[in-house]
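S.K.: Attaching a predicted model along with its sequence, questions to come.
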Amino acid sequence: MKSVFHPASSRGFANHGWLKAAHSFSFANYYNPERVHFGTLRVLNDDIIAAGEGFGTHPHDNMEIITIPLEGSLEHKDSMGNGSIINAGEIQNMSAGSGITHSEFNPLADKDGNLLQIWIFPKVKDITPRYGQLKYDQARLENSIETFVSPEHDESKLWINQDAWISLSRSQAGKELHYPIYKVGNGLYLFLISGEIEVEGLTLEPRDAAGFWDSDKISIKVKKDAFLLFLDIPMTL
């Protein structure tokens, strides 16, 4: 097994007033040649968007974009005709494919929003753009690893144009988790949203992350009640 540890303090940080962002990988004005991507995972941004503020209309192409609100809400509009509010407890994904434009705003006038935005390189380029949104049952996460994004056409999950699986877990202190890598050649990027865990000899605290590859299973011991994000992605671009 090979691994890399990315403590929260090693991320790039930007404060634009209306937006406070932490970048796990090189993004915008933050550049670290050793942190450009992890396999096909290109971006993991931890954004706090001020009340009533947001990203104006902007373009994307040939990228799989997954948004996970952690607190508050996000209003989404795109060139495919989609318009919706995404709340904490939901996941949104877009296959930008041959090209889209979209905007993202915090619709709440009195509460900041916090979200994770993930970009993954696609398996096939220039596909017809697609949009998906899923509300998940929080109870399913308790002491379990639940997958909500996958390349399989499963109505209970969001579809992604890549051999990638995205899962969440809320596990109590004392719990042991065993994550089986979905596909040979994939690695796991584990992001700890809250709590404390021990994983393959590493201790992770809130917003720390670790990547693992050349292994078929990852074992985790939960030290403090934890909220975890699992990104199971191909290691070859």
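M.R.: In hand now; what should we look at?
S.K.: who does D47 bridge with?
M.R.: Listed by DSSP bridges, the beta-bridge partners for D47 are A21, L115.
S.K.: With G83 instead?
M.R.: G83 has these beta-bridge partners by DSSP bridges: K77.
S.K.: Please report how far it lies from Y131.
M.R.: According to Cβ to Cβ, to the nearest Å, G83 stands 10 Å off from Y131. C-beta here means a position set from N, CA and C on the backbone, and glycine is covered the same way.
S.K.: Quick one: list the elements packing against the strand ranked longest in the chain.
M.R.: Counting by DSSP state E, the longest strand found in the chain is strand 217-234. Secondary-structure packing of strand 217-234 (3 or more Cβ pairs under 8 Å, 6 or more residues apart in numbering; DSSP states H and E): strand 41-49, strand 113-120, strand 165-171, strand 176-180, strand 186-199.
S.K.: tell me the angle of that strand relative to strand 186-199?
M.R.: For strand 217-234 against strand 186-199, the angle by axes from the mean of the first three to the mean of the last three Cα atoms, to 10 degrees is 140 degrees.
S.K.: ok, strand 217-234: who's next to it in the sheet?
M.R.: strand 165-171 (antiparallel), strand 176-180 (antiparallel), strand 186-199 (antiparallel).
S.K.: Return, as residue ranges, the portions of this structure with sub-threshold pLDDT.
M.R.: Across the chain, nothing is flagged by pLDDT under 70.
S.K.: what sits against the spatially most central residue of it?
M.R.: Closest residue to the average C-alpha location of the chain: I118 at 4.2 Å, with Cα atoms, centre = their mean. Contact analysis of I118 by Cβ atoms under 8 Å, 6 or more residues apart in numbering lists 41, 43-45, 65-68, 166, 231.
S.K.: same check, this time on E152
M.R.: W159.
S.K.: That one sits in which helix or strand?
M.R.: Assigned by DSSP states H and E, E152 falls within no helix or strand.
S.K.: related to what we said a few turns ago, among the strands paired with strand 217-234, which is nearest P107?
M.R.: Closest approach to P107 among these (Cβ to Cβ): strand 186-199, 22.5 Å.
S.K.: Which strands and helices lie in contact with the next helix or strand after the closest one?
M.R.: Using DSSP H and E, the next helix or strand after strand 186-199 towards the C-terminus is strand 202-204. Judged by 3+ Cβ pairs under 8 Å, 6+ apart, strand 202-204 is in contact with strand 186-199.
S.K.: any idea of the angle the strand it packs on forms with strand 41-49?
M.R.: Using the same axes, to 10 degrees, strand 186-199 lies at 50 degrees relative to strand 41-49.
S.K.: Please point out which parts of strand 186-199 sit buried.
M.R.: Buried residues in strand 186-199, counted by 16 or more other Cβ atoms under 10 Å: 186-193, 195-197, 199.
S.K.: related to what we said a few turns ago, could I get the contacts of I118 as TSV with neighbour count and distance to A51?
M.R.: Formatted as TSV, these follow (neighbours: other Cβ atoms under 10 Å; distance: Cβ to Cβ, whole Å):
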residue	neighbour count	distance to A51
L41	24	30
V43	18	24
L44	25	24
N45	22	19
I65	20	23
I66	23	24
T67	20	18
I68	24	20
I166	23	28
L231	25	29
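S.K.: With distance to Q92 added, can I get those residues in CSV?
M.R.: Conversion of the contacts of I118 to CSV gives the following (distance: Cβ to Cβ, whole Å):
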residue, distance to Q92
L41, 17
V43, 15
L44, 15
N45, 14
I65, 8
I66, 7
T67, 4
I68, 8
I166, 12
L231, 16
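S.K.: Between the residues you listed, which sits nearest L237?
M.R.: Distances from L237 to those, taken by Cβ to Cβ, are shortest for L41, at 10.4 Å.
S.K.: Over to I86. Which of the three states is it?
M.R.: At I86, secondary structure determined by DSSP: H, G, I helix; E, B strand; the rest coil is strand.
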